[in-house]
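A.B. asks: Structure here, sequence nowhere to be found:
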């Protein structure tokens, strides 16, 4: 059996969970093995995660010390996303942002409500390609997220949505009482 590139991205996400001491109690069988959608349960509840990867940034700026990854969605993937929402599970998108060397790669875990602000899920213009862009500036605490349905700048002002770089504990593990 040959491994698809997407299998490596899914493995990176699983490794990301385990390396952050998040051990899912249950991984449910995928309905369709060609889809990179995973259902799992931790002590914080049930989750559905759609995993997508990019092996390298689509642009890098040494001057701004930033990288931008582009994640295009096909029409079929948009239709798939519309059909995978679950009332019983919290929905997230895990974007594996690859970089050379590989240990410089990052994983952006984006809640569904943020993703749906960045792409036109209903595709009012069916022929317009849909994509999400994730920008990371070295030393910043947040990924900057934008896409086809949300510009990164409006009138020169930042319009990106911010998602914590290290948000895995708050998303998937038991809440810590302070």
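C.D. replies: Cool, got the structure. This one's a predicted model, so the numbers in the text were calculated from it and none came from an experiment.
A.B. asks: rest of the way, CA atoms for contacts and neighbours
C.D. replies: Fine.
A.B. asks: mind checking the longest helix of the chain?
C.D. replies: Determined from DSSP state H, the single longest helix within the chain is helix 5-19.
A.B. asks: what helices or strands is it leaning on?
C.D. replies: Counting contacts by 3 or more CA pairs under 8 Å, 6 or more residues apart in numbering; DSSP states H and E, helix 5-19 packs against strand 45-54, strand 90-97.
A.B. asks: Format those as TSV; extra columns: mean pLDDT, mean neighbour count and distance to residue 160.
C.D. replies: Shown next, in TSV, are the helices and strands packed on helix 5-19 (pLDDT from 0 to 100; neighbours: other CA atoms under 10 Å; distance: least, CA to CA, whole Å):
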stretch	mean pLDDT	mean neighbour count	distance to residue 160
strand 45-54	89	20	20
strand 90-97	92	22	16
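A.B. asks: Of those, give the one that comes closest to residue 103.
C.D. replies: Proximity to residue 103, assessed across the helices and strands packed on helix 5-19 by CA to CA, is greatest for strand 90-97 (10.9 Å).
A.B. asks: Give me the sheet partners of the closest one and which way each runs.
C.D. replies: Counting by DSSP bridges, the strands paired with strand 90-97 are strand 45-54 (parallel), strand 106-111 (antiparallel).
A.B. asks: mind checking which of those strands is nearest residue 148?
C.D. replies: strand 106-111 (15.9 Å).
A.B. asks: Adding distance to residue 147, write the strands paired with strand 90-97 out as TSV.
C.D. replies: As requested, the strands paired with strand 90-97 are exported to TSV (distance: least, CA to CA, whole Å):
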stretch	distance to residue 147
strand 45-54	15
strand 106-111	13
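A.B. asks: Nearest to residue 88, out of those strands?
C.D. replies: Set against residue 88 and scored by CA to CA, the strands paired with strand 90-97 come closest in strand 45-54, at 7.0 Å.
A.B. asks: which element follows that closest one toward the C-terminus?
C.D. replies: strand 59-61 (DSSP states H and E).
A.B. asks: Please state the offset of that next one from the chain centre?
C.D. replies: The chain centre lies 19 Å from the centre of strand 59-61; the measure is CA atoms, centre = their mean, to the nearest Å.
A.B. asks: Name the residues of that strand that are buried.
C.D. replies: Neighbour counts over strand 59-61 (16 or more other CA atoms under 10 Å) mark residue 60 as buried.
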